[in-house]
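Novice: predicted model and sequence below, questions to follow.
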Amino acid sequence: MRQKADILIFIKGIIVQFGFAISAILIFASSLSEWEPRDHWGVLCTYTLLTIFSTFAPIRLSNTILTLNNAVIFSGILLFGSWVGVWSAVIEALIIGFLIRFNPSKALANIGQLMMTIWVVDQLKNWLGSFEAFSPIITDLSLAVIYWFVNLTLCGLGISYFYKSNWITTIKDMARGFTSTYLLLMILAGVGARLVESYGPLTLIPMMAAFITISVVFHHYYDSIQKLHQKVEEAKSFNHRFLTTMAASIDARDRYTSGHSQRVAHWGREIARKIGMSSEKVEEIYVGGILHDIGKIGIEDEILNKKGRLTPEEYDRIKQHTVIGYEIILQAGMFKELLPAIRSHHERIDGKGYPDGLVGDEIPVMAKILAISDAFDAMVADRPYRKGLPVEEALNEIRRGSGTQFDEILAAHFIEIVERLPREELESIISQETQSQKQLQEAIH
């Protein structure tokens, strides 16, 4: 597998570093003859100015900056052919080369992919122009999409090579980031080209005003989005600190379970990631682990911290923490997606759990995951009245309970997670107390 990956990287490197560069040289050379006639110098000067303007007037998006130069290049291809597009691409490359730290390999790859995009679009323009049945509007729209697709594909290939990422994933991320804006600019460029063709160069004035307006609007829009995103991240950070402190408070009521909720949350998150759950679900399970024992708030201290064996009545009372926690969250009207974790994390696959005696698939996946996490931490963590079980013995207990107490598939995944962890890291997780727990204990003492 590693050898295959190395071969793919080597092939990608040949294409990007040599194929792109050679293509750029050949396409540039083939365009030189078109720059010679005197009547073309006006066009070249106009597109030089447009390229300079577009390079210094980018449109800022949420996760990238999109220059207007592709729109300028596309309009040049539509009006005059590939030689104008090549000219603009060269001017842009020179400007960028002087303004930022020059990297020859990346610069050649960038100009190469742009030259290849220009050449492909020009060839298809000439081919589509041979069909009289196609209206100019359909042709221009088709070419705009083709320009976007070819440029995205080649640019994604270059980025994936230099930054060691997957090509398809890179293209998907780029497409999600700015596809709609990119296509809007290309369509406006096509409209502008046809207006210039029909009414002369003066129509460039309202078109440039339109581009400036779009740039300003997008700048303010994405600036607002960024500020909102910052507020959301601050709220998430606050929620995380709040929940961690709450978990520490819950565990502090039970002197036998210091840091328990945080460790249950950790193992639950690892299982959720292992089975391929979405990032949102992984986060839900983590928070569910933090709050799974919140119902212990409603259990009397003399029962919760009893040193001796619990009576059957006292044990029944302890079991009520699942229902109490469920009611607390239900009444609070927050974190309702966590209700299954709080109420059902002591249910068993064979139906012998509590509080509802659920069987098999009746138990929510979130609760099944946290049941394993909860049981494992309860077995391996040290308590004042006993030493925690060795990890191997606790895992054997998980195996023995697989299919009866625990979900078989989830148990197998959990065992694999634990067995693959380095011993030092595993011991650190098992013995750790959360920072908020330590702070809370310091405040109490």
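Specialist: Everything's here; your move. Numbers count the residues shown, from 1 in each chain.
Novice: when you work out contacts or count neighbours from here on, use the C-alpha atoms and nothing else.
Specialist: Fine.
Novice: residue 170 reaches residue 162, doesn't it?
Specialist: No: the pair formed by residue 170 and residue 162 falls short of the contact definition of Cα atoms under 8 Å, at 11.5 Å.
Novice: neighbour count for the two, which is higher?
Specialist: Set side by side, residue 170 and residue 162 show more neighbours around residue 170, with 19 against 16, by other Cα atoms under 10 Å.
Novice: list the contacts of that one.
Specialist: Listed by Cα atoms under 8 Å, 6 or more residues apart in numbering, the contact set of residue 170 reads 156, 157, 159, 160.
Novice: the last one: neighbouring residues, count only.
Specialist: What it means is residue 160. Per other Cα under 10 Å, the neighbour tally for residue 160 reads 20.
Novice: and the pLDDT for the closest residue to residue 68 other than its chain neighbours?
Specialist: Closest residue in space to residue 68, ignoring its immediate chain neighbours: residue 54 at 4.8 Å, by Cα to Cα, 6 or more residues apart in numbering. Looking at residue 54, its pLDDT reads 79.
Novice: tell me which helix or strand residue 54 sits in.
Specialist: If you go by DSSP states H and E, residue 54 is part of helix 41-55.
Novice: now that helix: buried residues?
Specialist: Neighbour-count burial for helix 41-55 flags 44, 47, 48, 50, 51, 52, 53, 54, 55 (criterion: 16 or more other Cα atoms under 10 Å).
Novice: quick one: low-confidence parts of the stretch 151-300 of the chain?
Specialist: Within the stretch 151-300 of the chain, the ranges that satisfy pLDDT under 70 run 177-178, 211, 215, 218-219, 221-222, 225, 232, 235-236, 238-240, 242-258.
Novice: show me where it has its helices.
Specialist: 167-199, 204-253, 260-274, 279-291 (DSSP state H, counting those that start in this stretch).
Novice: looking at the ones you listed, which is nearest to residue 311?
Specialist: The closest of the helices of the stretch 151-300 of the chain to residue 311 is helix 204-253. By Cα to Cα, the value is 19.9 Å.
Novice: from the contacts of residue 170, which single one is nearest residue 136?
Specialist: Of all the contacts of residue 170, residue 136 sits closest to residue 156, with 29.6 Å by Cα to Cα.
Novice: please report the distance of the closest residue to that closest one other than its chain neighbours from residue 73.
Specialist: The shortest distance from residue 156 to any non-neighbouring residue, by Cα to Cα, 6+ apart, is to residue 171 (5.1 Å). Residue 171 sits 22 Å away from residue 73, going by Cα to Cα, to the nearest Å.
Novice: these two: which is more packed in?
Specialist: residue 73 (26 against 20).
Novice: identify the residue nearest that one in space, chain neighbours excluded?
Specialist: Once flanking residues are discounted, residue 73 sits nearest to residue 85: 4.5 Å by Cα to Cα, 6+ apart.
Novice: quick one on the thing from earlier: packing partners for the helix holding residue 54?
Specialist: The contact analysis (3 or more Cα pairs under 8 Å, 6 or more residues apart in numbering; DSSP states H and E) places helix 41-55 against helix 69-79, helix 82-99.
Novice: and for residue 278, the neighbour number?
Specialist: Using other Cα under 10 Å: residue 278 sits among 11 other residues.
Novice: roughly how far does it sit from residue 414?
Specialist: Residue 278 sits 18 Å away from residue 414, going by Cα to Cα.
Novice: and if you look at residue 266?
Specialist: Counting by Cα to Cα, the gap from residue 266 to residue 414 is 12 Å.
Novice: more neighbours, the two?
Specialist: The neighbour comparison of residue 266 against residue 414 (other Cα under 10 Å) goes to residue 414, with 23 against 19.
Novice: how close does the more buried one sit to residue 310?
Specialist: 30 Å.
Novice: does residue 125 touch residue 143 like I think?
Specialist: Yes: if you go by Cα under 8 Å, residue 125 and residue 143 touch, sitting 7.0 Å apart.
Novice: neighbour count: the two, which is higher?
Specialist: The residue with more neighbours, out of residue 125 and residue 143, is residue 143; 24 against 19, by other Cα under 10 Å.
Novice: backbone dihedrals for the closest residue to the more buried one other than its chain neighbours, please?
Specialist: Taking Cα to Cα, 6+ apart, and ignoring the residues beside it in sequence, residue 143 has residue 121 as its nearest neighbour in space, at 6.4 Å. Reported as degrees, to the nearest 10, the phi and psi values for residue 121 are phi -60, psi -40.
Novice: identify the residues contacting residue 121.
Specialist: 77, 143, 146, 147.
Novice: okay, the third one: pLDDT?
Specialist: When you say that, I think you mean residue 146. pLDDT recorded at residue 146 is 92.
Novice: that one is in what secondary structure piece?
Specialist: helix 136-162.
Novice: roughly how far does residue 328 sit from residue 114?
Specialist: From residue 328 across to residue 114, the span is 60 Å (Cα to Cα).
Novice: more crowded one of these two?
Specialist: Comparing residue 328 with residue 114 by neighbour count (other Cα under 10 Å), the higher total belongs to residue 114, at 26 against 17.
Novice: the more buried one should be in a helix, yeah?
Specialist: Yes: counting by DSSP: H, G, I helix; E, B strand; the rest coil, residue 114 is part of a helix.
Novice: would you confirm that it contacts residue 151?
Specialist: Yes: look at residue 114 against residue 151 with Cα under 8 Å: they come within range, at 6.7 Å.
Novice: and residue 405, what are its phi and psi?
Specialist: Taking degrees, to the nearest 10, you get phi -90, psi -40 for the backbone angles of residue 405.
Novice: does the residue nearest to it when sequence neighbours are not counted count as helix, strand or coil?
Specialist: Nearest residue to residue 405 in three dimensions, chain neighbours excluded: residue 348, at 4.5 Å (Cα to Cα, 6+ apart). Look at residue 348: counting by three-state DSSP, its state is coil.
Novice: pLDDT below threshold where in the stretch 301-445 of the chain?
Specialist: Scanning the stretch 301-445 of the chain with the threshold set as pLDDT under 70 gives 382-386, 432-445.
Novice: just the helices in it please.
Specialist: Using DSSP H, counting those that start in this stretch, helices in the stretch 301-445 of the chain cover 301-304, 312-319, 321-332, 339-344, 365-380, 391-401, 408-420, 423-431, 435-444.
Novice: which neighbouring elements make contact with the second one?
Specialist: Right, the one you point to is helix 312-319. Using 3+ Cα pairs under 8 Å, 6+ apart: helix 312-319 touches helix 301-304.
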